[in-house]
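>>> Show me the folded form of this:
(2 chains)
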Amino acid sequence: MPNRVSCGALRAADEGAEVELCGWVNRRRDHGGLIFVDLRDTDGITQIVFDPQHPSFAQAEHLRNEDVLRAVGSVRRRPSGTENPRLATGEIEVAIGTLEILNRSQVPPFQVNSEEPVDENLRLEYRYLDLRRPRMQRNIRTRHQIVKAMRDFFDSRGFLEIETPMMIKSTPEGARDYLVPSRLYPRHFYALPQSPQLLKQILMISGFGKYMQIARCMRDEDQRADRLVEFVQLDVELSFCTQDDVLEVMESCMRYVWLTVLGVEVPPFPRLTHQEAIAKYGVDKPDLRFGLELADVSQSFAGTEFAVFRSAIESGGAIVALRYPGGAALSRREFDALTETAKQFGGKGMVWIALGSDGTKSSAARFLSETQIAAVRDALAAETGDALLLFADAAAVAYAVAGKMRNEVGDRCNLRDPNVYAFAWVTGFPYLEIDEATGEPAPAHHPFTAPAPGDWELIDRDPTAMRAQHYDMVLNGYELGSGSIRIHKAQEQRKIFEMLKLTPEQVEERFGFFVRALEYGAPPHGGMALGIDRIVMIACGEANLREVTAFPKNSVARDVMMDAPSPVPEQLVKDLHLRLAPEVRSPG
RNA sequence: GGCGCUGUAGCUCAGUUGGUUAGAGCGCCGCCCUGUCACGGCGGAGGUCGAGGGUUCGAGCCCCUUCAGCGUCGCCA
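Modelled structure (predicted):
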């Protein structure tokens, strides 16, 4: 009985063994009198050799890529000089004994055995072929290992994984809900969870003090390379904890994951406040793989004649400066393109100063004095050969644009090595932010977050000064997730709702079940949720979540393999007590 | 919803100033080939140039409209 082995297993030491291999034809090389077939499975590739006198030779002549085989044969060393060092199994080959063609394949619409880029929607339509490719096999495997490591870690710390329902109540805060119409209750809907937030808090009230879940979440919002409508969170909550308790357990988890899956020892995470993050990096999710800290150089331009700067300063704004290492080599045209990028990021424009070895050039040369340029250069510790980029605007805008440009410069200068992992904590977020659409204060995160100790007293006096016991975990410029210490007293939760201008009736209708739960001895608690898709994406060195998701929706939220969403029979719609609106435009 | 980029063979792409029969590599089909591993050689098939309209003697190329895809901004408590 031959031993069944994977296509990546055999080595020189296996010489002489009788083995059975199952897999797909990766490629056939037909020399007329000798045929090689590379057999592929999830583990690797093994070369099968068909000698012309062998009965299977005729079969081998008709093999095509992606045919499925069972090959039984004997392992032999390749003749000296024909070993393939690029293959893990390259020292050996399997001389065919018996060949069984388990299934034939159509000619695939793209080459499975090539890493050549293919239109993503074609890949998604034939996802089963795309997933056969080694890169996807590796990514999906890494994903499994990461999720397993997370479960192992929390299990070892005494956490229980508890499943929460997929059909819950719609709560109007936050992103748009995916709705499920009810057949039994006309005109009523379930919602798919945007996160199990309230359920996990209720689990704390239920006495399950250490909860975790690999939780599926859905948000009906436009997608991005780093955002899917359907995603997975590592959801964690614990009772009787402080903020530091949560940070400790989440940080330990991530360091465990990186060590066990990637073999990388991650140093303790630096912590910075939201205020520091904005001041130094212009964003609340800074990429700490590189420095290039921003500088507010408004002071250096007091009394300037330059209208752009003067109006920014006079209206209480700021001039924020960024160093571009080696940027002095850019042409005027390239600076113009960079200015366009800044505009795309929401800026009004950009002033550049090139510190060339042959002198200083600038888009605002006429208005800038030697002293002013020297002040900016000193503030950024810039050197000859660098460029200085300046953004004048309302302070929040100037920092935001400068922060995005900092990442752009980081890209251009190759400072964002995907094999470097710069984790960080960001804490001390403001409780409220001003909603730009309404001008009203709205919770910066969610309304179940507890204010910072001592900040309750601000709620009537100056609510926008309140800070939250909220924290973000950041990695390489991505927000991995956020968490908070929660409000655990009903009257405090009501106070927050009141500040958010919800009437008692609205509170009862939307959150009545939850506030009631808080009234029955809710323990102090807090937690966090991390985006597993993003974690896996970064761990795999990918730039798009779809590369680490087996069956993702495309960028416009379609499943192009199954062709969903799709129309349904009229009766199904009727059963749900729904009537479809007339078509606005004929589809397709 | 705004902006940018892209749409040419099954795949990845080229296509000049608007000018004869739209090309390449890979893949596919056939024949040849006993040590290849992106095997090699010879031959062949394969095109609604995303769609519609316009300008022109003539459009893959210019103009308008539209559809689709990717990215980005808005949005994502």
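
>>> When you work out contacts or count neighbours from here on, use the C-alpha atoms and nothing else.
Noted.

>>> got the residue ranges for the helices in the stretch 201-350 of chain A?
For the stretch 201-350 of chain A, applying DSSP state H, counting those that start in this stretch gives helices covering A:243-257, A:274-281, A:307-314, A:332-344.

>>> Show me the one of these that comes nearest A:A522.
Checking those against A:A522 by CA to CA gives helix A:243-257 as the closest, at 17.4 Å.

>>> same for that closest one, what does it pack against?
For helix A:243-257, the packing partners by 3 or more CA pairs under 8 Å, 6 or more residues apart in numbering; DSSP states H and E come out as helix A:134-156, strand A:525-531.

>>> which one of those is the most hemmed in?
Most buried of the helices and strands packed on helix A:243-257, by mean neighbour count (mean count of other CA atoms under 10 Å): strand A:525-531, with a mean of 25.

>>> in its sheet, what does that strand sit against?
strand A:230-239 (antiparallel), strand A:478-485 (antiparallel) (DSSP bridges).

>>> Now tabulate the helices and strands packed on helix A:243-257 in CSV and tack on mean pLDDT and distance to RNA strand B.
Formatted as CSV, the helices and strands packed on helix A:243-257 follow (pLDDT from 0 to 100; distance: least, CA to the nearest atom of the strand, whole Å):
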stretch, mean pLDDT, distance to RNA strand B
helix A:134-156, 97, 14
strand A:525-531, 97, 10
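
>>> could I get those as CSV with distance to A:E251?
Converted to CSV, the helices and strands packed on helix A:243-257 look like this (distance: least, CA to CA, whole Å):
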stretch, distance to A:E251
helix A:134-156, 11
strand A:525-531, 11
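
>>> Quick one: closest of the ones you listed to A:L203.
Nearest of these to A:L203, taken as CA to CA: strand A:525-531 at 10.3 Å.

>>> The following helix or strand past that closest one packs against which elements?
For strand A:525-531, the following helix or strand on the C-terminal side (DSSP states H and E) is helix A:532-539. Here helix A:532-539 touches helix A:134-156, strand A:230-239, strand A:478-485, going by 3+ CA pairs under 8 Å, 6+ apart.

>>> Could you rerun that using 10 Å?
Applying 3 or more CA pairs under 10 Å, 6 or more residues apart in numbering; DSSP states H and E, we find helix A:532-539 packed against helix A:134-156, strand A:210-218, strand A:230-239, strand A:470-475, strand A:478-485.

>>> The shortest one near RNA strand B anywhere?
No: shown here: strand A:470-475 not in contact with RNA strand B (CA under 7 Å from any atom of the strand), separated by at least 11.4 Å.

>>> and what of the second one?
No: using CA under 7 Å from any atom of the strand, strand A:210-218 stays clear of RNA strand B, coming no nearer than 9.2 Å.

>>> Return the list of strands paired to that strand, each annotated with direction.
Strand A:210-218 has these strand partners (DSSP bridges): strand A:160-161 (parallel), strand A:230-239 (antiparallel).

>>> Find the residue closest to A:L99 in space, skipping its chain neighbours.
A:A71 (4.8 Å; CA to CA, 6 or more residues apart in numbering).

>>> Can you get me a residue count around that neighbour?
23 (other CA atoms under 10 Å).

>>> same deal with A:R416?
21.

>>> residues in contact with it?
Contact partners of A:R416, counting by CA atoms under 10 Å, 6 or more residues apart in numbering, are A:287-290, A:407-410, A:422, A:476-477.

>>> Can you say which of the helices and strands packed on helix A:532-539 is nearest to A:L518?
Of the helices and strands packed on helix A:532-539, nearest to A:L518 by CA to CA is strand A:230-239, at 13.3 Å.

>>> Run the contact check for the closest one versus RNA strand B.
No: contact of strand A:230-239 with RNA strand B (CA under 7 Å from any atom of the strand) is absent, the minimum separation being 10.9 Å.

>>> quick one, helices of the stretch 351-500 of chain A?
For the stretch 351-500 of chain A, helices defined by DSSP H, counting those that start in this stretch occupy the ranges A:370-380, A:395-412, A:458-461, A:490-499.

>>> Can you report how many residues lie near the residue of the stretch 301-450 of chain A found nearest RNA strand B?
Proximity of the stretch 301-450 of chain A to RNA strand B (CA to the nearest atom of the strand) peaks at A:H445, 3.3 Å away. A total of 18 residues lie near A:H445 under the criterion other CA under 10 Å.

>>> Same question for A:Y520.
Applying other CA under 10 Å, we find 12 residues neighbouring A:Y520.

>>> hey, which helix or strand in chain A has the poorest pLDDT?
strand A:441-443 (a mean of 78; mean pLDDT, DSSP states H and E).

>>> Give the partner strands of it in its sheet and their orientations.
strand A:432-434 (antiparallel).

>>> So is the strand it pairs with next to RNA strand B?
No: Strand A:432-434 stays clear of RNA strand B (CA under 7 Å from any atom of the strand), getting no nearer than 8.3 Å.

>>> which of the residues in that strand are buried?
By neighbour count on 16 or more other CA atoms under 10 Å, the buried set for strand A:432-434 is A:432-433.

>>> same check, this time on stretch A:117-128
Using 16+ other CA under 10 Å as the test for burial, stretch A:117-128 gives A:121, A:123-127.

>>> ok, the residues you listed vs RNA strand B, which is closest?
Nearest to RNA strand B among the buried residues of stretch A:117-128, with distances taken as CA to the nearest atom of the strand, is A:N121, at 5.8 Å.

>>> residues contacting that closest one?
Contact partners of A:N121, counting by CA under 10 Å, 6+ apart, are A:127, A:553-555, A:558-561.

>>> Distance to A:R416 added to those, as a markdown table?
Shown next, in a markdown table, are the contacts of A:N121 (distance: CA to CA, whole Å):
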| residue | distance to A:R416 |
| --- | --- |
| A:R127 | 30 |
| A:K553 | 28 |
| A:N554 | 26 |
| A:S555 | 25 |
| A:R558 | 31 |
| A:D559 | 32 |
| A:V560 | 33 |
| A:M561 | 34 |
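
>>> farthest pair in those?
Using CA to CA, the contacts of A:N121 reach their maximum pairwise distance at A:R127 and A:S555, which is 15.1 Å.
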